[in-house]
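**Student:** The following comprises the amino acid sequence and a computationally predicted model.
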Amino acid sequence: MIDVVAVIPARLGSTRFPNKVIHPYRGKPLLAYVYNEISKSKQIDRLIVATDSEKIKEIVEDFDGEAIITSKRHRTGSDRVAEVIEKVGGKLIVNIQADNFGVKAPVLDRVISIMKKTPSIHYATFAHRLQSDHELHDPNIVKVVTAANGRALWFSRFPIPYLRDVDPKSYTAQYQFLGHVGIYFYRRSNLLQFARWKKSPLEKAESLEQLRILENGGQIIVFKTKMRTVSVDIPEDLKKMDGIYK
């Protein structure tokens, strides 16, 4: 069995930016930038785009990538990744969001190496320090709080923790808030267990798939990173890419 499989779940359905992942940027589809960076990994044995779109599959194959067609009924990216892993195998699985621009392969490799040596870690992800109160109060930037050992206590679109007697406009000057980075690491059996669980109440409330793990008693280890990724949610966000791909 292949040791490490990375999967990029990708779909065309974006209400604010239709066909986002295949939108051209400097002559290449946006998805190609994420794919090409992950392909530099020294730990990942196979890299696959999981999609329900024949158009995305064709574009991935045009830049010599691998894509697998999945069901259109998946509730989350992790559920889509699980379908692929049931087909292709793999011991450690990495799930990278298709719009995670700025992701760095060596940073992924570090966590993969740790998980290979630490079988007690079933799920893992990244977080970085938020740099502004604007980021903190943006519901599209997910916040996370952790225990001293790095275990995730909670994820929320709301600023957590709440700072009593502090002006919300100066929160980040008083506390080191963490923002979640949309990359997940799982062991095969734990990913497949995730897909078997029903969508949980708090997952539905916050629209955050990782809460399904916490609500079912699972533990997610959060690795702090200085890696700054950006997501492109609307066409105007493309200018953010200029700071990464100079």
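**Tutor:** Received, thanks.
**Student:** make it CA atoms for all contacts and neighbour counts henceforth
**Tutor:** Will do.
**Student:** From residue 174, how far off is the residue of the chain positioned farthest from its centre?
**Tutor:** Here the chain reaches farthest from its C-alpha mean at residue 165, the gap being 33.5 Å by C-alpha atoms, centre = their mean. Here residue 165 is placed at a distance of 11 Å from residue 174 (C-alpha to C-alpha, to the nearest Å).
**Student:** Kindly report the same for residue 68.
**Tutor:** Using C-alpha to C-alpha, we find residue 68 at a distance of 46 Å from residue 174.
**Student:** Same question for residue 203.
**Tutor:** The span separating residue 203 from residue 174 equals 29 Å under the rule C-alpha to C-alpha.
**Student:** Repeat that for residue 10.
**Tutor:** From residue 10 across to residue 174, the span is 38 Å (C-alpha to C-alpha).
**Student:** same question, residue 38
**Tutor:** Counting by C-alpha to C-alpha, the separation of residue 38 from residue 174 is 35 Å.
**Student:** Which residue of these two possesses the greater neighbour count?
**Tutor:** Using other C-alpha atoms under 10 Å, the more surrounded residue of residue 38 and residue 174 is residue 38, with 22 against 10.
**Student:** isn't the more buried one right up against residue 105?
**Tutor:** Yes - if you go by C-alpha atoms under 8 Å, residue 38 and residue 105 touch, sitting 5.2 Å apart.
**Student:** Could I get the pLDDT score of residue 1?
**Tutor:** On pLDDT, residue 1 comes in at 56.
**Student:** Can you get me a residue count around the residue nearest to residue 18 when sequence neighbours are not counted?
**Tutor:** Leaving aside its sequence neighbours, residue 18 sits nearest to residue 12 (C-alpha to C-alpha, 6 or more residues apart in numbering; 6.5 Å). Neighbour count for residue 12, taken as other C-alpha under 10 Å: 16.
**Student:** cool, the one 5 residues further on as well?
**Tutor:** For residue 17, the neighbour count with other C-alpha under 10 Å is 16.
**Student:** List the contacts of it.
**Tutor:** Neighbour list for residue 17: 233-235 [criterion: C-alpha atoms under 8 Å, 6 or more residues apart in numbering].
**Student:** Give me the sheet partners of the longest strand anywhere in the chain and which way each runs.
**Tutor:** Longest strand in the chain by number of residues, with DSSP state E as the criterion: strand 178-187. Sheet partners assigned to strand 178-187 using DSSP bridges are listed as strand 92-96 (antiparallel), strand 123-129 (antiparallel), strand 143-146 (antiparallel).
**Student:** most packed of those strands?
**Tutor:** Using mean count of other C-alpha atoms under 10 Å, the stretch among those with the largest mean neighbour count is strand 92-96, at a mean of 25.
**Student:** show me where the chain has helices.
**Tutor:** Under the criterion DSSP state H, helices of the chain are mapped to 30-38, 54-62, 77-88, 105-117, 133-136, 171-174, 188-196, 201-206, 211-215.
**Student:** Put together JSON lines for those helices, with distance to residue 246 on each row.
**Tutor:** Shown next, in JSON lines, are the helices of the chain (distance: least, C-alpha to C-alpha, whole Å):
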{"stretch": "helix 30-38", "distance to residue 246": "13"}
{"stretch": "helix 54-62", "distance to residue 246": "23"}
{"stretch": "helix 77-88", "distance to residue 246": "29"}
{"stretch": "helix 105-117", "distance to residue 246": "18"}
{"stretch": "helix 133-136", "distance to residue 246": "23"}
{"stretch": "helix 171-174", "distance to residue 246": "29"}
{"stretch": "helix 188-196", "distance to residue 246": "36"}
{"stretch": "helix 201-206", "distance to residue 246": "35"}
{"stretch": "helix 211-215", "distance to residue 246": "36"}
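**Student:** For residue 155, which of those helices is the nearest?
**Tutor:** Comparison of those against residue 155 by C-alpha to C-alpha identifies helix 211-215 as nearest, at 7.0 Å.
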